[in-house]
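Q: here's my sequence, what's the structure:
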Amino acid sequence: MYSVITVEREFGCGGGEIAEELAHRLGWKLWDQTLTEEIAKLANVDCASVERRQEKVDSTFHRLAKIFWRGSYERSMPHTGEEFFDADCMVEMGCRVMDRAAREGNCVIVGRGAPYFLREHPGAFHVFLYAPYAEKLRRLQASGSRISSDPEELLHTVDRDRIAFVKRYFNADWPTRSLYHVMLNTAIGDEIVIKTILDTMHTLERKPTHTLTSFPHAGEQAHV
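A: Reported below is the predicted structural model:
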């Protein structure tokens, strides 16, 4: 039986909202902004410091990590004290928090490299969501005040930075297609996407286990 759903997504495709509705229908815990808050707590950095850090660029990979870890409409996070917080710390703490979340089970985890961290977890069902450029732009423009930067600029930069982050820490492509149970175009409508995810997950629960692509842990050499 699956007890974890990871939802990786292209920026602007509505993945955060879909993940929230999945969690609601299943009665499971949603790890989106909560994941950011837990890592901030583990890093001993308050949320205000995390928000301020989001806008500060210390190095290329610090910037990449900041963007990769942002939530549905993109926020960031921290280590033990703001002066020690960097991408390596974020990967280490993210792994710890996600491992705990997966062990507790009955949860939906949004982004943050969850399908890579939990690639060997037998109870994890991995989803990748994407959409055409026009659909993502429409969704971002409809989000109004939830984003502070130019939507078109974000669409050209956020996923590019996620690609670089995954290459840096997992030596893998983003998205790694063989990692996911389903990949869906959200332009077909959120309700259809949600139904397809749940139907597929429940169908696979009734069949023998299929092994998906396995990757080494962060920092190790990948063979893909």
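Q: going forward, measure contacts between C-alpha atoms and count neighbours the same way
A: OK.
Q: show me the contacts for Ala114.
A: Thr6, Val7, Glu8, Met98 (Cα atoms under 8 Å, 6 or more residues apart in numbering).
Q: lowest-scoring secondary structure element of this protein by mean pLDDT?
A: Here the helix or strand of the chain ranked lowest by mean pLDDT, DSSP states H and E is helix 47-54, holding a mean of 44.
Q: ok so, going back, max pairwise distance over the contacts of Ala114: which two?
A: Glu8 and Met98 (13.9 Å; Cα to Cα).
Q: more neighbours, the two?
A: Neighbours were counted for Glu8 and for Met98 using other Cα atoms under 10 Å; Glu8 has more, 26 against 21.
Q: give the contact list for that one.
A: Residues near Glu8 by Cα under 8 Å, 6+ apart: Gly15, Val110, Gly111, Arg112, Gly113, Ala114, Pro115, His126, Val127, Phe128, Leu129.
Q: swap the cut-off to 6 Å and go again
A: Gly111, Phe128 (Cα atoms under 6 Å, 6 or more residues apart in numbering).
Q: report the secondary structure state of it.
A: Put simply, Glu8 is strand when judged by DSSP: H, G, I helix; E, B strand; the rest coil.
Q: same question, the one 10 residues further on
A: Classification of Ile18 using three-state DSSP returns helix.
Q: which of the contacts of Ala114 sits closest to Arg206?
A: Nearest to Arg206 among the contacts of Ala114: Thr6, at 19.6 Å, using Cα to Cα.
Q: beta partners for the closest one?
A: For Thr6, the beta-bridge partners are Ile109, His126 (DSSP bridges).
Q: could you list the low-pLDDT ranges of this protein?
A: Filtered on pLDDT under 70, the chain yields the residue ranges 45-87, 144-149, 208-224.
Q: dihedrals phi and psi, Pro132?
A: When read as degrees, to the nearest 10, the backbone of Pro132 gives phi -60, psi 160.
Q: actually Pro122, not the one I wrote
A: Per degrees, to the nearest 10, the backbone of Pro122 is at phi -70, psi -20.
Q: now do the residue nearest to it when sequence neighbours are not counted against Pro115, distance only.
A: With Cα to Cα, 6 or more residues apart in numbering as the criterion, Pro122 has its nearest non-adjacent residue at 7.7 Å, and that residue is Tyr2. Separation of Tyr2 from Pro115 (Cα to Cα, to the nearest Å) stands at 14 Å.
Q: those two - which one has more neighbours?
A: In this view Tyr2 and Pro115 are compared by other Cα under 10 Å, and Pro115 has more residues nearby, 24 against 16.
Q: in which helix or strand does that one reside?
A: Mapping Pro115 onto the secondary structure by DSSP states H and E places it in helix 114-117.
Q: dump that helix to CSV, keeping only the CA atoms.
A: What follows is helix 114-117, C-alpha atoms only, in CSV (Å, rounded to 0.1, in the frame of the first residue of the first chain):
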residue,chain,number,x,y,z
ALA,A,114,11.2,14.4,-2.7
PRO,A,115,11.1,11.8,-5.5
TYR,A,116,14.9,11.7,-5.5
PHE,A,117,15.2,11.5,-1.7
